[in-house]
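Student: sequence and computational prediction follow.
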Amino acid sequence: MPSTPPATAGSTPRYLAIATELGQAILSGQLAPGEKLAPHRVMAKRLGVTTGTVSRAYAHLERKGLASARVGDGTYVRNLDTSAEDAGAGPAATQIDLAHNIAIPTDEVNALQRAMAALGQDPQHMARVLKYQPETGATHHRMAGAAWLRRFGTSGAWERVMVTHGAQHALAGVLRTIAHPGDTLLTEPLSYPGMLALARSLRLQVVGLEMDTQGIVPDSLDRAAQTYNTKLLFCSPTLHNPTTSTMSSERREAIAAVVRRRGLLLLEDVVHAAALERPPPAISTLVPNQSFLMSSFSKVMAPGLRVGYLEASAQWLDKVAGSIRTDCWMVAPLMPEIATRWLETGEADTLIALQRQHITERLAIARRSLSGITLRWAADYPHIWLPLPEPWRAGQYAATLRQAGVLVRTMDHFAVGRSPAPHAVRISLNAVASLEQLRSGLQTVVAVLNNPPAAVMDP
């Protein structure tokens, strides 16, 4: 919420400055969907303006599609997630989604039918998946997961692997096991929003490290480990979301050296790296007794499968298993059974290869559509990092695109701590339903980018 009058006479009108600041808070998630804005009189007193000024600011937010007024009740933040809105509910029904990060549909439905048919032919095995399982998962599920994790350079030892309901579940189990309220967690300055939300719920302090085109800078990690006296590091060294960066082998060695020297525990996210045919070896392979490697199929196959794998030393797995037992007693074995069959029959490799083909096709379209514009991208990665030229600011650019029917993701969504987020947007290529929609959305991205406003306020 604005806390001081954000403009003076002769500059931007106060109502517009208030609306701009509130709009930034809505777009960044600081004001949640459905949250009620302060009553007009309360906001006016807080800012030292008239109620009429606040009324004009709220009305401006309504025109921008960021808020909605309920007669006799107040003004509320609108839900900007089109997937949560009713079909046909105004402009949201026609918006092109270049914001969300979801796997592109390929042949998962047919693969599921084949797996279920095979399972149905083995009643005894079907009965086994309906029974209680160990907290770490059934042995044959763990063995399949361990074999799959070899693509990240791991040993393939199934005793080091447990089955989870996706990488988020693994992360939650690890953090509840090794962290305490008030602890500091180090990470990239732009990081996984699911981790940030989880850290807030656990009352952890999250500190962003210095980052270059390869990822975390080792000296920054070394200094922060000393400054904050912490033992926790979370990072995504391969196909970092949202910057697209991937660490070189030399950088991975340097990060591992700091982890060893400072006695850190590494939480490594390789969810996006699963799309690669030959991912680089995980940092975790360099510090196997000080690391947790978290993976899932969510971004390369079917997110509804909710199957992930966590690799760590047996000592740590036993402790994390206690958290899993407290949460849900065990991972429901039917989903890991399907994933195991996909892995054993080669269906998983086929589905990932199809995902890669679709990503390659969409990347080619994006690079042609955005030709001549400064951006960053990576092979087999369905996102584009688009730094915004002056005078654009991320919030206003995203809002302008939304009015034009296109959704993108600003860096406020990923920003760690209170440091200002860079004026850039992430363009996701995997959520749109068709290539025609993708081309249309990217044309709008370019058209809006080439038509900047005369002046843009700093957030």
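Tutor: That came in fine, so what should we check first? Residues are numbered from 1 along each chain as shown.
Student: for the rest of this, base every contact and every neighbour count on C-alpha atoms.
Tutor: Fine.
Student: at which residues are the strands of the stretch 201-350 of the chain located?
Tutor: 205-208, 211-212, 215-216, 232-235, 265-269, 291-296, 308-311 (DSSP state E, counting those that start in this stretch).
Student: do you know which of these lies nearest residue 378?
Tutor: strand 215-216 (13.8 Å; Cα to Cα).
Student: give me the pLDDT value at the nearest residue to residue 278 once chain neighbours are set aside.
Tutor: Of all residues not flanking residue 278 in the chain, residue 151 sits nearest, at 6.6 Å (Cα to Cα, 6 or more residues apart in numbering). pLDDT for residue 151: 94.
Student: touching, residue 151 and residue 279? I think so.
Tutor: Yes: look at residue 151 against residue 279 with Cα atoms under 8 Å: they come within range, at 6.5 Å.
Student: can you give the strand pairings for the lowest-mean-pLDDT helix or strand in the chain, parallel or anti for each?
Tutor: Least confident helix or strand, the chain: strand 67-70 with a mean of 72, by mean pLDDT, DSSP states H and E. If you go by DSSP bridges, strand 67-70 pairs up with strand 74-77 (antiparallel).
Student: ok, and for the strand it pairs with, which residues are buried?
Tutor: Of the residues in strand 74-77, 75-77 count as buried by neighbour count, 16 or more other Cα atoms under 10 Å.
Student: so what secondary structure elements neighbour the longest helix seen in the chain?
Tutor: Longest helix in the chain by number of residues, with DSSP state H as the criterion: helix 347-369. The helices and strands touching helix 347-369, judged by 3 or more Cα pairs under 8 Å, 6 or more residues apart in numbering; DSSP states H and E, are helix 334-345, helix 435-449.
Student: following element in sequence after that helix, please.
Tutor: Using DSSP states H and E, the helix or strand that directly follows helix 347-369 along the chain is strand 383-387.
Student: now do the helix or strand that that following strand is followed by: distance to the chain's middle.
Tutor: The helix or strand immediately downstream of strand 383-387 is helix 394-403, counting by DSSP H and E. Helix 394-403 sits 20 Å away from the centroid of its parent chain (Cα atoms, centre = their mean, to the nearest Å).
Student: now the element after helix 394-403, going C-ward?
Tutor: That would be, after helix 394-403 and using DSSP H and E, strand 406-407.
Student: what's that following strand packed up against?
Tutor: strand 96-97, helix 435-449.
Student: so what secondary structure elements neighbour the last one?
Tutor: With contacts defined as 3+ Cα pairs under 8 Å, 6+ apart, helix 435-449 has these neighbours: strand 96-97, helix 347-369, helix 394-403, strand 406-407.
Student: which of those comes out lowest on mean pLDDT?
Tutor: Ranked by mean pLDDT, the helices and strands packed on helix 435-449 bottom out at helix 394-403, with a mean of 88.
Student: what are the ranges of the helices in the stretch 101-250 of the chain?
Tutor: Secondary structure of the stretch 101-250 of the chain (DSSP state H, counting those that start in this stretch): helices at 108-120, 123-128, 139-149, 166-178, 193-201, 218-227, 249-262.
Student: in the stretch 101-250 of the chain, where is pLDDT below threshold?
Tutor: Scanning the stretch 101-250 of the chain for pLDDT under 70 picks out no residues.
Student: related to what we said a few turns ago, among the helices and strands packed on strand 406-407, which is the most enclosed?
Tutor: For the helices and strands packed on strand 406-407, the largest average neighbour count (mean count of other Cα atoms under 10 Å) is found in strand 96-97, namely a mean of 26.
Student: tell me which strands that one pairs with, and in which orientation.
Tutor: Strand 96-97 is paired, per DSSP bridges, with strand 406-407 (parallel).
Student: so what strands line up beside the helix or strand just after the strand it pairs with?
Tutor: For strand 406-407, the following helix or strand on the C-terminal side (DSSP H and E) is strand 409-410. Paired neighbours of strand 409-410 in the sheet (DSSP bridges): strand 424-428 (antiparallel).
Student: tally of neighbours for residue 264?
Tutor: Under the neighbour criterion other Cα atoms under 10 Å, residue 264 is assigned a count of 18.
Student: quick check: nearest residue in space to residue 425, chain neighbours excluded?
Tutor: residue 410 is the one closest to residue 425 (Cα to Cα, 6+ apart), at 4.6 Å.
Student: right, I mislabeled it, should have said residue 36
Tutor: Leaving aside its sequence neighbours, residue 36 is closest to residue 76 (4.4 Å, by Cα to Cα, 6+ apart).
Student: wait, isn't the one you found in contact with residue 69?
Tutor: Yes: counting by Cα under 8 Å, residue 69 is a contact partner of residue 76 at 6.2 Å.
Student: what mean pLDDT does the helix or strand hosting residue 43 get?
Tutor: In this assignment (DSSP H and E), residue 43 forms part of helix 40-47. Averaging pLDDT along helix 40-47 gives 85.
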